[in-house]
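Colleague: this one's sequence-less:
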């Protein structure tokens, strides 16, 4: 087996933290992965990894070698992408991180369309609501819904992330009047666990009308809150990329439409490299074109008005 393959296996073992995870990602057996690294160590005449039954870690020499090898592999991948990009045929693995609900509802259908256009691009999408480290964890791209940006990364805005207050017609039929945010004190509220301070941010004409709610139900899963709202349990605040389909179907309706809620944006995030691989650049352009701004899931707002 050539030295380059051994280096690729070694880098994957360090990045994933185990021979099992590295072998699964590379599509080889665990014993083969261990053999390749041992051959590399024999060639170099020194130990690169400390091995235990449950974990591997780099030696001092291994850490230095890993950093250099990682740079070499990245430059080789960029060179491949440059040539394939010039020929119009992007190739290789595209590793993406995206928040769970947005990934399921919007990213996966777009990936299906993108890979049909570029069959030589293989996509690995890791669904996580945490902010991954693109460099250390080996991601080409992350999709984030946020109001702030890390200046060390390049962020391309895809669309605004609008939030609305929603409730089911059945709940509103027998509920108290709801003409202002202060009236929410008389209503049943459903709260996302990570809502800061338990306050719903609301504003009108530049004036703050935020209210602290006392929820009867909390969840860290927006889909759970959406279903609870559809079932008539109460009122919730939800991004339109989650709620728009239920609103179009009439099983939910917006309330307090004169008030604006949370202001966030959806970004494609990638590292600040001198050369952006063709596969990443094309996918970001594709996302921007397909999602548009205002995004396709907000069309119900213009239709309704």
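Modeller: It's in. Just so it is clear, the model here is predicted, and its values are computed rather than measured. Numbering: from 1, shown residues only.

Colleague: mind listing what's buried in the helix or strand where residue 170 lies?
Modeller: For residue 170, the element it lies in under DSSP states H and E is helix 169-173. For helix 169-173, burial by neighbour count (16 or more other Cβ atoms under 10 Å) applies to residue 171. Quick note: C-beta positions are derived from backbone N, CA and C, even for glycine.

Colleague: do the same with stretch 229-249
Modeller: Neighbour counts over stretch 229-249 (16+ other Cβ under 10 Å) mark 229-230, 232-244, 246-247 as buried.

Colleague: now do stretch 29-43
Modeller: Neighbour-count burial for stretch 29-43, counted by 16+ other Cβ under 10 Å, picks out 33, 34, 36, 37, 39, 40, 41.

Colleague: name the nearest residue to the second one, sequence neighbours excluded.
Modeller: Excluding its sequence neighbours, the residue lying closest to residue 34 (Cβ to Cβ, 6 or more residues apart in numbering) is residue 19, at 5.3 Å.

Colleague: ok, back up a step: which one among the buried residues of stretch 29-43 gets closest to residue 171?
Modeller: For those, the residue nearest residue 171 by Cβ to Cβ is residue 33; the value is 55.2 Å.

Colleague: and the longest helix seen in the chain, what does it pack against?
Modeller: As assigned by DSSP state H, the longest helix anywhere in the chain is helix 60-86. Applying 3 or more Cβ pairs under 8 Å, 6 or more residues apart in numbering; DSSP states H and E, one finds that helix 60-86 contacts helix 3-16, strand 92-98, helix 278-291.

Colleague: report the inter-axis angle for the last one versus helix 60-86.
Modeller: For helix 278-291 against helix 60-86, the angle between stretch directions is 60 degrees (axes from the mean of the first three to the mean of the last three Cα atoms, to 10 degrees).

Colleague: what's in contact with helix 278-291?
Modeller: 81-82, 84-85, 90-92, 94, 96, 106, 110, 113-114, 117-118, 121, 140-141, 143, 156, 158-159, 266, 268, 270, 296 (Cβ atoms under 8 Å, 6 or more residues apart in numbering).

Colleague: try 6 Å
Modeller: 81, 85, 90, 92, 94, 110, 114, 121, 140-141, 156, 158-159, 268, 270 (Cβ atoms under 6 Å, 6 or more residues apart in numbering).

Colleague: re the thing from before, wait, isn't the residue nearest to residue 34 in contact with residue 30?
Modeller: Yes - using Cβ atoms under 6 Å, residue 19 makes contact with residue 30 at a distance of 5.1 Å.

Colleague: which element is residue 161 on?
Modeller: Counting by DSSP H and E, residue 161 is found in strand 153-167.

Colleague: so for the helix or strand where residue 224 lies, what gets flagged as buried?
Modeller: Take DSSP H and E as the rule and residue 224 turns out to sit in helix 222-230. Within helix 222-230, the residues that count as buried by 16+ other Cβ under 10 Å are 222, 225, 226, 228, 229, 230.
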